[in-house]
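J.: generate coordinates for the sequence data below:
(4 chains)
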There are 2 protein chains.
Amino acid sequence: MPVTLEEIARASGFSVPTVSRALSNSNYPVSSATRQAIIEVAQSLGYKPNLAARSLRTDQTNTIGVIADDILSPFVPPILRGIQDYLKPFDYLSLIVNSDWDPEIEQDAIDSLVSRPVDGIIFVEYSHLAVNKALQESKKPYVFVHRLFGASVQNSVVPDDHYGATLAVRHLASLGHKRIAYINGPEGWHTAQQRLAGYKDELAAQGIEFDPALAQPGDWEYEGGYAAAQTLLALDNLPTAIFAANDTMALGAITAIQEAGLSVPGDIAVVGYDNREFARIVRPRITTVSMPVYEMGRTAAELLLKQIEETRQDMPEIKIKGHLVVRETCGADASQRTPETLDMGATTRRILLHKDPDQ
Amino acid sequence: MPVTLEEIARASGFSVPTVSRALSNSNYPVSSATRQAIIEVAQSLGYKPNLAARSLRTDQTNTIGVIADDILSPFVPPILRGIQDYLKPFDYLSLIVNSDWDPEIEQDAIDSLVSRPVDGIIFVEYSHLAVNKALQESKKPYVFVHRLFGASVQNSVVPDDHYGATLAVRHLASLGHKRIAYINGPEGWHTAQQRLAGYKDELAAQGIEFDPALAQPGDWEYEGGYAAAQTLLALDNLPTAIFAANDTMALGAITAIQEAGLSVPGDIAVVGYDNREFARIVRPRITTVSMPVYEMGRTAAELLLKQIEETRQDMPEIKIKGHLVVRETCGADASQRTPETLDMGATTRRILLHKDPDQ
DNA sequence: AAGCATACAGAAAACGTTTTCTGTCGTTCA
DNA sequence: TGAACGACAGAAAACGTTTTCTGTATGCTT
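T.: Below is the predicted model of the structure:
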């Protein structure tokens, strides 16, 4: 049913190889008259190349595999979107597989992607170093996108958590706050350590002395944020601002503050981290530091394509910086900002519409 | 570099076709001794079939294409997850493309998926009927997953919005509410019409007279919910419950109620619709009707596979029912429910872990 | 004017499978 | 006991491309 090179050859009077050369822009010489004629015939017949046949011959599929722990994880879709947007102009498609944090499934996924025609693999939110070996053997280019490792890992794209934390603290300091509290993530997490370090370093940079009583542990969850805020609210010398290491805890803190009869941002300003979807939906809208997930996806795809083009080579870890999303909980003067540009919804949409691979 | 049938043939002493027959479970007779021997050799050499070659020969790729308007749209990831989970045991992978609501991009996507080796296509959140023609011509099986059409469409899986609305109203009525208000979506939307109809029908079923003053128009947005609630709060005879056609408007309504000095659910109960992520994050947690997105994805994949197996045939539209997710804003006695089972987070996770294709 | 490179086109081979076609041998049935 | 059949294995063809190899005419160089 589908039209093949052979039919075009017959219809145009040329041979199959000539038709092939005319249609794929090979660098083999084909007279422009011939090419024109062939292209015309091909178009009129509605020719679509059989990619399986092409792959078989060229060993190249214009498809990449993506192994994500779970597409339902909040950061995964924007990463995928970044990958897909970057890939699109190059005519690459992405095959997506969930691993559910299960090393065995991951192994299967790698196997099925390796045998299947993919030119490279991107791991999203992936943490099991053990699987590396299988990958190394496969000789396919690959890139990691994640936020979990402590030590820096080759061929990976990670968020710059330290920098993000400094953004939050700097912003609060610029609004005049001197007593800035911090609610951290669980100690074991590299992300939490980095954000804490950023908090401390920026305090120092702002000439504010670090007060251990203002740095509370948290658990990434609403309850942890709520409890930590209650502890902070019981201090003799109240903080005037709270920076939470994620938006969920920020929301818990906001509720605690409000239940204590204080207002956000009137009495205490709050800044979160991650720029989760709900941060722009709840009221007051949460000022937060964005996880640069979309850009991480784009960068990972860029890295992968580069490796595919010029054969695999190991590249250093790349850190991507997020930005501050000023909303309502920080108390910054609303007239100072243009909400449409700063709000993630709008920004993302702008980025999404922009398909240029060079950006 | 990769090991081929030929090498296995050489190593095992059999011919290539025999090796092929032993390895793929063809129904061609192969003595079990031979099969055993060949399988052993294949395993020891680490054989992985070249899927491009196989596809070329069999015209079957074990890959399906998914065209979604935008993977960042809140309902899309769970649909994709449902599709992928259903497909996994059958060893099918999914190629995902975004169309950004742009018919032209959709057309390109179809073209690139049709020429690329996919055995079928699922359209997610897709609404442009015009493209149907290209699909019809392609002869590939396809299924729609969406919520936008008015008329029922062949080969499609849609949510049962009418039913969902009756769930919400029935629940509120069972809690003793007689004055149940409704905040609708924009008039043009089929979804909104269905939910409104469900609201009215269930009121009737409960023997409650429909009061037009209690049915307010909305816009799907926070502001619309907020404004509608204000209108309702200005009535002489206040409603004791509000059912909002989506969670975002429910949140707006909750804020309006609280700002009026009333409590949710103490003074006015609220039920939303969609079971968006934030509905279980904000406090009070929002009781809501789930969009059965995950199940829709599974069902779509099931339909598609069925079509692929037994060649394409047109199937009637399938409606999937959501369920009520009881949380805090409805005021139902918390001891009556087991939050882990009713909360979407847990339910979804349970479902996700369940890989059986027969369910 | 002879020799040579160049531009182009077709023939043939190749990619790694699966499927069809032949062939052999042993078993069964009349 | 001979004919028919079934179980199995290999040879050869096929899927639709791309690439290598071969060939021919044309134009250029000296």
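J.: just give the closest residue to A:Pro217, not the sequence neighbours.
T.: A:Asn184 (5.5 Å; Cβ to Cβ, 6 or more residues apart in numbering or on different chains). All C-beta spots, glycine's among them, are computed from the backbone N, C-alpha and C.
J.: okay, now the unreliable bits of chain A?
T.: A:1, A:115, A:126-137, A:147-150, A:311-312, A:333-359 (pLDDT under 70).
J.: what ranges do the helices span in it?
T.: For chain A, the helices defined by DSSP state H cover A:5-12, A:16-23, A:32-45, A:51-58, A:76-87, A:103-115, A:132-138, A:161-174, A:190-205, A:222-233, A:247-259, A:293-309, A:339-342, A:344-353.
J.: any figure for the gap between the residue nearest to A:Pro217 and A:Glu309?
T.: Separation of A:Asn184 from A:Glu309 (Cβ to Cβ, to the nearest Å) stands at 42 Å.
J.: likewise for A:Thr288?
T.: Counting by Cβ to Cβ, the gap between A:Thr288 and A:Glu309 amounts to 37 Å.
J.: more neighbours: which of those two?
T.: A count of neighbours by other Cβ atoms under 10 Å in any protein chain shown puts A:Thr288 above the other of A:Thr288 and A:Glu309, at 30 against 10.
J.: quick one, what contacts the more buried one?
T.: A:247, A:250, A:271-276, A:279, A:324-325, A:327 (Cβ atoms under 8 Å, 6 or more residues apart in numbering or on different chains).
J.: end to end, how far does stretch A:216-227 reach?
T.: Taking Cα to Cα, to the nearest Å, the first and last residues of stretch A:216-227 lie 9 Å apart.
J.: next: stretch A:40-55.
T.: 25 Å.
J.: buried ones in that stretch, by neighbour count?
T.: Neighbour-count burial for stretch A:40-55, with 16 or more other Cβ atoms under 10 Å in any protein chain shown as criterion, is recorded at A:41-42, A:47-55.
J.: can you tell me what sits against it?
T.: A:2-5, A:7-8, A:11-12, A:19, A:23-24, A:60-62, A:117, B:52-53, B:55-56, B:61, B:111, B:114-117.
J.: any idea how far A:Ser138 lies from chain B?
T.: Going from A:Ser138 to chain B by Cβ to the nearest Cβ, to the nearest Å gives 9 Å.
J.: can you name the residues of the stretch 101-250 of chain A that neighbour chain B?
T.: Proximity of the stretch 101-250 of chain A to chain B, by Cβ under 8 Å from any Cβ of the partner chain, involves residues A:111-117, A:139, A:222, A:248.
J.: who are the contact partners of the closest residue to DNA strand D within the stretch 101-250 of chain A?
T.: Proximity of the stretch 101-250 of chain A to DNA strand D (Cβ to the nearest atom of the strand) peaks at A:Pro117, 12.8 Å away. Applying Cβ under 8 Å, 6+ apart, we find A:Pro117 in contact with A:55, A:61, A:63, B:51-52.
J.: what's the burial count for the nearest residue to it once chain neighbours are set aside?
T.: Among residues not flanking A:Pro117 along the chain, A:Thr61 sits closest, at 3.7 Å (Cβ to Cβ, 6+ apart). Counted with other Cβ under 10 Å, the neighbours of A:Thr61 add up to 24.
J.: I figured A:Thr61 hits A:Asp119, correct?
T.: Yes - contact status for A:Thr61 versus A:Asp119: in contact at 5.6 Å, counting by Cβ atoms under 8 Å.
J.: contacts only, for the closest residue to A:Gly331 other than its chain neighbours.
T.: Spatial nearest neighbour of A:Gly331, excluding adjacent residues (Cβ to Cβ, 6+ apart): A:Pro265 at 3.2 Å. By Cβ under 8 Å, 6+ apart, the contact list for A:Pro265 reads A:284, A:328-331.
J.: may I have the distance across stretch A:235-252, first residue to last?
T.: 18 Å.
J.: count the residues that sit near the closest residue to A:Arg195 other than its chain neighbours.
T.: Closest residue to A:Arg195 apart from its sequence neighbours, by Cβ to Cβ, 6+ apart: A:Ala165 at 4.3 Å. By other Cβ under 10 Å, 26 other residues sit near A:Ala165.
J.: wait, doesn't A:Ala165 sit right on A:Asp274?
T.: No - here A:Ala165 does not reach A:Asp274: they are 11.9 Å apart, not a contact under Cβ under 8 Å.
J.: restrict stretch A:22-30 to CA atoms and write it as PDB.
T.: The C-alpha trace of stretch A:22-30 is given here as PDB (Å, rounded to 0.1, in the frame of the first residue of the first chain):
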ATOM      1  CA  ALA A  22      17.600  12.800  -5.100                       C
ATOM      2  CA  LEU A  23      15.200  12.400  -2.100                       C
ATOM      3  CA  SER A  24      17.600  12.100   0.800                       C
ATOM      4  CA  ASN A  25      20.000  15.100   0.500                       C
ATOM      5  CA  SER A  26      23.000  12.900   0.100                       C
ATOM      6  CA  ASN A  27      26.200  14.600  -1.100                       C
ATOM      7  CA  TYR A  28      26.400  12.400  -4.100                       C
ATOM      8  CA  PRO A  29      26.000  14.300  -7.300                       C
ATOM      9  CA  VAL A  30      22.600  14.300  -8.900                       C
END
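J.: and that stretch, is it in reach of DNA strand D?
T.: Yes - using Cβ under 7 Å from any atom of the strand, stretch A:22-30 reaches DNA strand D at A:23-24, A:26, A:28.
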